[in-house]
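Enquirer: Model the following, please.
(one chain, ligands or ions: 2)
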Amino acid sequence: MLKIENLEVSVDGKKILKGINFSARRGEIHAIMGPNGSGKSSLAFTIMGNPKYKIENGSILFDGKDITHLKPDERAKAGIFLAFQYPHEIPGVPLGKFLWTIAGGGRNFADFSKEFKEKMSLLKIPDEFSKREINKGFSGGEKKRTEILQMLMLKPTLAILDEIDSGLDVDSLKIVSQAVLEFTQSKDKIVLIITHYPRILNYIKPDRVHVIFDGKIVLSGDYSLATEIEEKGYEKILKEIGFHIQKKDITAKDVL
Ligand SMILES: Nc1ncnc2c1ncn2[C@@H]1O[C@H](COP(=O)(O)OP(=O)(O)OP(=O)(O)O)[C@@H](O)[C@H]1O
Ligand SMILES: [Mg+2]
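Expert: Ligands and ions are numbered 1, 2, ... in the order given. Reported below is the predicted structural model:
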């Protein structure tokens, strides 16, 4: 189980998360939505333990253990995985070697290799990608599929997918969604899908949908909330519950 209580986080002295309360049980899929800059990726980085995101207050419990102050590699070992919104290139490190190092887990290489090939084929990633340096020259969609490949090989308990659907064509979206669905078959996983679009949620039906605005979860509901957002837009929905998106005219003073 993941339990986040009153989480307040700042970056470079600026408060970004302002009291997040959230919980998810194993077997559940949660969608996290919200306008640009509302704090979705910051929440993902904070759960993963990125040291840039300073926890000022609150706690993160995972499977009954307080992980608030664990290092990112300790969290990864505890079964937490983050698929990045903007995956990084790792020059000089071939994809296959990387996955063998992080997901080999003392298995014999033939077993690992068999599984690796199966997952690559499930995600329609060509074999030669195993020799390519991670994300170097990969297209947007190839990067996203590679993130999911890492998830399938690592088999985390908690997978946070930050805009895994952005930049994917219709076929790739289906491929990625099917892979995520297969991943959730074991029913002991928690998946957090950060997205702007209900399209991916048509394939991967979330148990709950949450809206983050200005560093707080301001609204939670079932799947229908995602379609309501698509139809009405954030401004209208947030206004109904008493929040106002401030759109300020930018003047020269703001930028110079
Ligand atoms: N490392 C950082 N340095 C400075 N500001 C940051 C940093 N990380 C996040 N922020 C700021 O925190 C706020 C929330 O950003 P975040 O990336 O979490 O938003 P988001 O909800 O993921 O948006 P999007 O939908 O555009 O991906 C933004 O105003 C952003 O500029
Ligand atoms: Mg983001």
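Enquirer: list the contacts for the residue in the stretch 51-200 of the chain that ligand 2 sits nearest to?
Expert: Using Cβ to the ion, the closest approach of the stretch 51-200 of the chain to ligand 2 is made by Gln85 at 4.8 Å. C-betas here are computed from N, CA, C, even on glycine. Gln85 makes contact with Ser41, Ala44, Asp162, Glu163, Ser166, Ile194, according to Cβ atoms under 8 Å, 6 or more residues apart in numbering.
Enquirer: Now pLDDT and distance to ligand 1 too, for those residues, in a markdown table please.
Expert: Supplementary listing: the contacts of Gln85 in a markdown table, determined by pLDDT from 0 to 100; distance: Cβ to the nearest ligand atom, whole Å:
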| residue | pLDDT | distance to ligand 1 |
| --- | --- | --- |
| Ser41 | 97 | 3 |
| Ala44 | 98 | 8 |
| Asp162 | 97 | 7 |
| Glu163 | 96 | 6 |
| Ser166 | 92 | 9 |
| Ile194 | 97 | 7 |
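Enquirer: Which of these fall in helices?
Expert: Residues of these located in helices (DSSP state H): Ser41, Ala44.
Enquirer: Pull the most distant pair out of the contacts of Gln85.
Expert: Taking Cβ to Cβ as the measure, those span a maximum distance of 13.7 Å, between Ala44 and Ser166.
Enquirer: Neighbour count for these two, which is higher?
Expert: Applying other Cβ atoms under 10 Å to Ala44 and Ser166 shows that Ala44 carries more neighbours, namely 22 against 16.
Enquirer: right, and the more buried one touches Ile212 too?
Expert: No. Judged on Cβ atoms under 8 Å, Ala44 makes no contact with Ile212 at a distance of 10.8 Å.
Enquirer: Bridge partners for the residue nearest in space to the middle of the chain, pull those for me.
Expert: The centre of the chain sits closest to Leu161, judged by Cα atoms, centre = their mean, with a distance of 2.4 Å. Leu161 forms beta bridges with Ala83, Ile193, as assigned by DSSP bridges.
Enquirer: what's near enough to touch it?
Expert: Ala83, Glu147, Ile148, Met151, Val180, Val191, Leu192, Ile193, Ile194.
Enquirer: list residues touching both of Ala44 and Ile212?
Expert: With Cβ under 8 Å, 6+ apart, Ala44 and Ile212 have no common neighbours.
Enquirer: Give me every residue in this protein lying close to ligand 1.
Expert: Applying Cβ under 6 Å from any ligand atom, we find that the chain lies next to ligand 1 at 11-12, 16, 34, 36-42, 52, 85.
Enquirer: Now tabulate the residues you listed in TSV and tack on secondary structure.
Expert: Formatted as TSV, those follow (DSSP: H, G, I helix; E, B strand; the rest coil):
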residue	secondary structure
Val11	strand
Asp12	coil
Ile16	strand
Gly34	coil
Asn36	coil
Gly37	coil
Ser38	coil
Gly39	coil
Lys40	helix
Ser41	helix
Ser42	helix
Lys52	coil
Gln85	coil
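Enquirer: ok, which pair from the residues you listed is furthest apart?
Expert: Asp12 and Gly34 (21.3 Å).
Enquirer: Between these two, point out the one with more neighbours.
Expert: Gly34 (25 against 7).
Enquirer: All good on my end, thank you.
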